[in-house]
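[1] Quick one, structure for this:
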Amino acid sequence: MGNHSDGSPNHSGTVATAGQNEVERFQDPGIPPHRLRLADTDPKAAKRAERQVALLFGISVVGTLIFLVTYFAIDLGDDSSIATIRLQNALLGIGTAFAMLGIGTGIVHWAKALMPDHEVSEERHAIRYEEDRQAAVRIVDDIVEETGIKRRPLIRNTLLGAVALAPLPAIAIFGDLGPRPDDKLAHTMWAPQDGKRKRLTRDPDGTPIKASDVTIGSAFHVIPEGLNELQEGKLNEKAKAVVLLMRLDPASLNPSKGREEWGYNGIVAYSKICTHVGCPVALYEQQTHHLLCPCHQSTFDLTQECKVIFGPASRPLPQLPIAVDDEGYLVATSDFHEPVGPSYWERDSHERSVNS
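    Residues are numbered from 1 along each chain as shown. Next up, the predicted model:
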């Protein structure tokens, strides 16, 4: 191979010159020769590929039916167990996977095994609207013809069945939107009932917590008294009412005006539900007094009324006002003064109604 950097006349064979000031262009190598597939030369192979495509579309139909049967056959009520919920979720996921993968892989296999795979090129030309419209119509007709859908009824019928059933799970899911929640999201079980304040109890056994049980640096996962005795709606109520209880040096707290009595001797309680998307804020950094949401790393400063100091959350965690009863147990003096969890459409109006 010659050295081209010094003007040597030797050439590598990959660069051609036709004169001192003229550079010869590479010739267009054109489209490589078409390689026939097995289905192009063997009718049995083509028929076998057709059956395979139809089988994949059939799998999609079966997956959709699994989803629909699971959705309607496994009835989830307020008293449904975690095992039942997990079973339904697993079957719904399996049905959806088969439904989508069946259509997708079927179409890909159809294109690779049976549709024409010739490479073509076409020179650009001036735009002529009527001629272009007619050309576009011819192209569409050619595509329909090349797919072979007219002469392959097995593929056509299974594809139509799969595509027709595929949207049904999405339509069925709309039923889960249910009735409007109205102001249920703005209220929790912490509100006093018949003038009796709710005690703070350990999650999950429901043991009441005394102020003396909470030492500086400790953290408790808390549920309201009476939650475990609910027969209906227990999970929904727990999702709104779970609380983190911690004790700090009272000197490190900075309560705002009107919240001076919301804690007891350095003991404070805040909603466990992150204000970003509702994940449980379950990590407490004892040295920094920070609460961390493990889902998207929103961080709340406990010494500043759980103000957001990092992450995507836009609001502090709601604080639960607490006190101590005559027996030394911690009790909630009222419900939260704002809706817990992430924002929703009516949240501002609900907050105003709670504080009115």
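[2] burial measure for S218, as a count.
    Per other C-beta atoms under 10 Å, the neighbour tally for S218 reads 13. Using the backbone N, CA and C atoms, a C-beta is placed for each residue, glycine as well.
[3] What backbone torsions are found at the closest residue in space to it that isn't next to it in sequence?
    Spatial nearest neighbour of S218, excluding adjacent residues (C-beta to C-beta, 6 or more residues apart in numbering): R247 at 6.0 Å. R247 has phi and psi values of phi -130, psi 130 when expressed as degrees, to the nearest 10.
[4] Tell me how many other residues surround R247.
    The number of residues packed near R247 is 20, by other C-beta under 10 Å.
[5] Also the one 10 residues further on?
    Using other C-beta under 10 Å, K257 has 5 other residues around it.
[6] Which secondary structure element is home to it?
    Counting by DSSP states H and E, no helix or strand carries K257.
[7] just the helices in the stretch 1-150 of the chain please.
    With DSSP state H, counting those that start in this stretch as the criterion, the stretch 1-150 of the chain has helices at 38-41, 43-73, 82-113, 129-147.
[8] If you average pLDDT over each of these, which is lowest?
    Across the helices of the stretch 1-150 of the chain, helix 129-147 has the smallest mean pLDDT, namely a mean of 76.
[9] quick one on the thing from earlier: wait, isn't the residue nearest to S218 in contact with G266?
    Yes: here R247 reaches G266: they are 5.1 Å apart, a contact under C-beta atoms under 8 Å.
[10] E338 is in contact with R352, isn't it?
    No: here E338 does not reach R352: they are 9.8 Å apart, not a contact under C-beta under 8 Å.
[11] more neighbours, those two?
    E338 (19 against 11).
[12] For K307, what are phi and psi?
    The phi/psi pair for K307 (degrees, to the nearest 10) is phi -70, psi 140.
[13] Return the distance of G63 relative to M100.
    Applying C-beta to C-beta, to the nearest Å, the value for G63 to M100 is 8 Å.
[14] And for D42?
    Taken as C-beta to C-beta, the span from D42 to M100 is 31 Å.
[15] Going by neighbour count, list what's buried in stretch 342-356.
    342, 346-347, 350-351, 354 (16 or more other C-beta atoms under 10 Å).
[16] what does stretch 82-98 give?
    Neighbour counts over stretch 82-98 (16+ other C-beta under 10 Å) mark 88, 91-92, 95-96, 98 as buried.
[17] Just the CA trace of that stretch, in PDB.
    In PDB, the C-alpha atoms belonging to stretch 82-98 read as follows (Å, rounded to 0.1, in the frame of the first residue of the first chain):
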ATOM      1  CA  ILE A  82     -53.500  -9.900  49.400                       C
ATOM      2  CA  ALA A  83     -53.100 -13.300  47.800                       C
ATOM      3  CA  THR A  84     -56.300 -12.800  45.700                       C
ATOM      4  CA  ILE A  85     -55.100  -9.400  44.600                       C
ATOM      5  CA  ARG A  86     -51.700 -10.800  43.600                       C
ATOM      6  CA  LEU A  87     -53.300 -13.700  41.700                       C
ATOM      7  CA  GLN A  88     -55.500 -11.300  39.700                       C
ATOM      8  CA  ASN A  89     -52.600  -9.000  39.000                       C
ATOM      9  CA  ALA A  90     -50.400 -11.900  37.800                       C
ATOM     10  CA  LEU A  91     -53.100 -13.300  35.500                       C
ATOM     11  CA  LEU A  92     -53.900  -9.900  34.100                       C
ATOM     12  CA  GLY A  93     -50.200  -9.300  33.400                       C
ATOM     13  CA  ILE A  94     -49.800 -12.700  31.700                       C
ATOM     14  CA  GLY A  95     -52.900 -12.100  29.600                       C
ATOM     15  CA  THR A  96     -51.800  -8.700  28.500                       C
ATOM     16  CA  ALA A  97     -48.300 -10.000  27.700                       C
ATOM     17  CA  PHE A  98     -49.600 -12.800  25.500                       C
END
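[18] Residues contacting it, please?
    The contact list for stretch 82-98, computed with C-beta atoms under 8 Å, 6 or more residues apart in numbering, reads 59-60, 62-68, 70-71, 74, 76, 169.
[19] before we move on, the earlier item: between the helices of the stretch 1-150 of the chain, which one is nearest to L177?
    Taking C-beta to C-beta, helix 43-73 is the member of those nearest to L177, at 13.7 Å.
[20] now that closest one against helix 82-113, angle please.
    Helix 43-73 runs at 160 degrees relative to helix 82-113, counting by axes from the mean of the first three to the mean of the last three C-alpha atoms, to 10 degrees.
[21] Okay then, goodbye and thanks.
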